[in-house]
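*Asks:* got a predicted structure plus its sequence, pasted below:
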Amino acid sequence: MNTNKMQVEIWSDVMCPFCYIGKRHFEAALEKFADNQQVEITWKSFQLDPTLPEKEELDHEQYLVERKGLPKEQVASMLDHVTQSAKLAGLDYHFEKVITVNSFNAHRVIQMAKTKGLGDAAEERFFKAYFTEGLDIADGATLTRLGKEIGLTEAEVHDALTNEAYTGKVNRDIYEAQQIGVRGVPFFVFNRKYAVSGAQPTEAFTQTLDKAFAEWRTEHPAPLLEITEGPSCTPDGNCS
């Protein structure tokens with residue numbers, strides 16, 4: 001964690017459709033934010049359904065009907081609504097392809113990726129794998145291939161899936177979520193003072209970024225140096 005940057009922590013589950021949409025809305029706000037280089041993002045693990053098996057038993061619609069007890073018509077309407085919301089965010093969801101399995105293994109690999117500065121890349125790749133490509137995010141071979149795509153080695157993915165340290169990291173994030181009152185994801189925490197729950201519109205993230213950063217900057221003022229100028233070179237190659 002870089003103490004010279006304002007922290008934004010995001011609790012998320014890669015099997016959460018609104019987490020991917022929320023990621024896009026937040027990214028749109030961050031792109032327009034003038035001080036975005038002074039913001040550090042940390043992804044945090046959360047499990048919507050830790051009871052899911054590692055092997056597929058039901059397709060996604062059946063899962064929502066049988067495991068969550070929702071009426072079939074309501075599920076069909078809900079999935080259509082989410083698909084359209086995703087499309088507005090530039091995402092292509094295919095729920096008919098989704099392999100509904102336990103996300104814990106994916107979270108362990110994300111925790112490893114975070115140690116290499118690849119947390120955001122891992123989240124992005126796993127979201128796409130789950131919602132667009134219909135890949136099995138509990139399968140070790142699939143996770144290895146996806147991990148290598150973002151820059152991890154096969155040995156690092158194996159370590160993430162076998163080393164209890166990464167299990168502990170996932171569980172700590174989940175416990176921390178419980179302590180701060182996270183009841184659903186995505187859940188964005190800005191400078192440990194403000195939170196945005198759910199895939200809010202981009203404007204909501206912009207407003208919270210502005211408010212949180214203004215307070216953070218007051219607490220962490222930029223150094224003002226009295227500079228004596230002399231001959232120097234700039235990164236664009238100009239020496240004078």
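*Replies:* Here it is on my side, so go on.

*Asks:* so Val185: helix, strand or coil?
*Replies:* coil (DSSP: H, G, I helix; E, B strand; the rest coil).

*Asks:* need the contact list for it.
*Replies:* 11-13, 16, 18-19, 46, 48 (C-beta atoms under 8 Å, 6 or more residues apart in numbering). For glycine as for every other residue, the C-beta is placed from the backbone atoms N, C-alpha and C.

*Asks:* can we see that at 7 Å?
*Replies:* 11-13, 16, 19, 46 (C-beta atoms under 7 Å, 6 or more residues apart in numbering).

*Asks:* now, which of those residues sits nearest Gln62?
*Replies:* Closest approach between those and Gln62, by C-beta to C-beta: Cys16, at 18.4 Å.

*Asks:* where's the nearest residue to the closest one once chain neighbours are set aside relative to Glu123, distance?
*Replies:* Among residues not flanking Cys16 along the chain, Val185 sits closest, at 5.3 Å (C-beta to C-beta, 6 or more residues apart in numbering). In this view, Val185 and Glu123 are 12 Å apart by C-beta to C-beta, to the nearest Å.

*Asks:* what sits in contact with each of these two?
*Replies:* Joint contacts of Val185 and Glu123 (C-beta under 7 Å, 6+ apart) are Ser12.

*Asks:* any idea how far Gln179 is from Lys211?
*Replies:* 23 Å.

*Asks:* looking at these two, which is more packed in?
*Replies:* Lys211 (14 against 7; other C-beta atoms under 10 Å).
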